[in-house]
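S.K.: coords below, sequence missing:
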């Protein structure tokens with residue numbers, strides 16, 4: 001794992017056949033987890049142009065978990 005991550009950069013993280021787009025913080029954490037499990041992973045930094053069209057999938061999920069939920073009566 002390298003420490004060449006940049007602020008506000010997004011990364012494509014690939015483990016086996018699964019790929020995800022993550023921010024620096026989440027890409028580092030995911031890479032450390034995969035390394036501890038002896039899983040081969042690849043991290044590729046997205047270009048600024050491509051990154052502008054996407055967001056970190058983990059950050060987006062966290063926003064969904066914190067959103068108020070509407071509970072409708074049965």
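M.R.: Structure's in. What do you need? Only a predicted model underlies this, so the values are computations on that prediction, with no experimental measurement involved.
S.K.: pLDDT weak spots in this structure?
M.R.: Along the chain, the model assigns pLDDT under 70 to residues 1-7.
S.K.: Could I get the full set of strands for this structure?
M.R.: Assigned strands in the chain, in chain order: 10-15, 18-23, 41-45 (criterion: DSSP state E).
S.K.: These: which one's closest to residue 31?
M.R.: strand 41-45 (6.0 Å; Cβ to Cβ). Where C-beta positions appear, they are placed from N, C-alpha and C, glycine not excepted.
S.K.: Deepest-packed of the strands of the chain, please.
M.R.: Mean neighbour counts were taken over the strands of the chain using mean count of other Cβ atoms under 10 Å, and the top value, a mean of 20, falls to strand 10-15.
S.K.: That one pairs with which strands, and in what direction?
M.R.: Strand 10-15 pairs in its sheet with strand 18-23 (antiparallel), strand 41-45 (antiparallel), by DSSP bridges.
S.K.: How far away from the center of its chain is the longest one?
M.R.: The one in question is strand 18-23. The chain centroid and the centroid of strand 18-23 are separated by 4 Å under Cα atoms, centre = their mean, to the nearest Å.
S.K.: And the contacts of that strand?
M.R.: Applying Cβ atoms under 8 Å, 6 or more residues apart in numbering, the contact partners of strand 18-23 are 8-13, 30, 46, 54-59.
S.K.: To residue 65, which of the strands paired with strand 10-15 lies closest?
M.R.: The nearest among the strands paired with strand 10-15, by Cβ to Cβ, is strand 18-23 at 16.4 Å.
S.K.: ok, back up a step: the strands paired with strand 10-15: which one's closest to residue 73?
M.R.: strand 18-23 (37.2 Å).
S.K.: now the angle between strand 10-15 and the longest helix that the chain contains, please.
M.R.: Once the chain is assigned using DSSP state H, the helix that runs over the most residues is helix 24-36. Put simply, helix 24-36 runs at 20 degrees to strand 10-15, going by axes from the mean of the first three to the mean of the last three Cα atoms, to 10 degrees.
S.K.: And helix 24-36, what does it pack against?
M.R.: Helix 24-36 makes packing contacts with strand 10-15, strand 41-45 when contacts are defined by 3 or more Cβ pairs under 8 Å, 6 or more residues apart in numbering; DSSP states H and E.
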